[in-house]
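> Here is the input, now give the coordinates:
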Amino acid sequence: MQLKFKNYQLVSVQRFLYHMNFKKSKQTRARTKLIKLLDKKINEYQEDVKELIEKHGERDMGQLVEAKEGGYVLENKRAFEVDSKELSEEEVIIEGGEYVNNFKVLYDAIDAIEEFDNGLEGQEADGYDTLMDAFEAAIKKDEDSAE
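Okay, the predicted model is just below:
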């Protein structure tokens, strides 16, 4: 099973999972495994953003120039924005691999929830929707390839 996301969606999915409370240890372990895989992808994305800053950042005596409001001064803001947008839209694949059964346990647990105690809104709601879409697409793909 492969879960597919865009880079910009990773944090909202992770935030949703962090706030999920499961009663069964198997579900909690499955959640933790997926969070760790998301952590790895988020770290890769952050490193790629740093590379873009290095590429587009203005330099003084070889050092990036820090902006007064935080961050860095960019030589060509438009080029940075184009590259950054492209990077954020890049597809990320999280392989189930040895955790494929955990993915199924997690999907079943989340899918079975009829009502969230405190409701969902904002980034958590987006994360829930994105995660469920990814699960459903992966399940459909697995079913189609089994036929």
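
> give me phi/psi at the residue lying farthest from the centre of the chain?
When each C-alpha in the chain is compared with the mean C-alpha position (CA atoms, centre = their mean), residue 61 comes out farthest, at 36.2 Å. Per-residue torsions, residue 61: phi 50, psi 40 (degrees, to the nearest 10).

> what residues are up against it?
Neighbour list for residue 61: empty [criterion: CB atoms under 8 Å, 6 or more residues apart in numbering]. The C-beta positions use only the backbone N, C-alpha and C, and glycine is treated the same way.

> Could you measure from residue 125 over to residue 135?
16 Å (CB to CB, to the nearest Å).

> So for those two, which residue has more residues nearby?
residue 135 (19 against 14; other CB atoms under 10 Å).

> hey, where'd the helices end up in this protein?
Secondary structure of the chain, counting by DSSP state H: helices at 10-18, 25-56, 77-89, 100-111, 122-146.

> Quick one: mean pLDDT for the second one?
Averaging pLDDT along helix 25-56 gives 94.

> Surely residue 7 and residue 84 touch.
No - between residue 7 and residue 84 there is no contact under CB atoms under 8 Å: 10.0 Å.

> More neighbours: which of the two?
Set residue 7 next to residue 84 and count neighbours by other CB under 10 Å: residue 7 wins out with 20 against 16.

> In contact with that one: list those residues for me.
Contacts of residue 7 (CB under 8 Å, 6+ apart): 41, 45, 48, 87, 88, 89, 90, 92.

> which non-adjacent residue is nearest the second one?
Yep, that's residue 45 we're talking about. Once flanking residues are discounted, residue 45 sits nearest to residue 7: 4.7 Å by CB to CB, 6 or more residues apart in numbering.

> And the one you found, how close does it get to residue 108?
27 Å.

> what's the closest residue in space to residue 128 that isn't next to it in sequence in contact with, if anything?
Excluding the flanking residues, the one nearest residue 128 by CB to CB, 6+ apart is residue 16, at 5.0 Å. Contacts for residue 16 were tallied using CB under 8 Å, 6+ apart; they are 120, 123, 124, 125, 126, 127, 128, 131.

> I figured the first one hits residue 128, correct?
Yes - Residue 120 lies in contact with residue 128 (CB under 8 Å); the separation is 5.5 Å.
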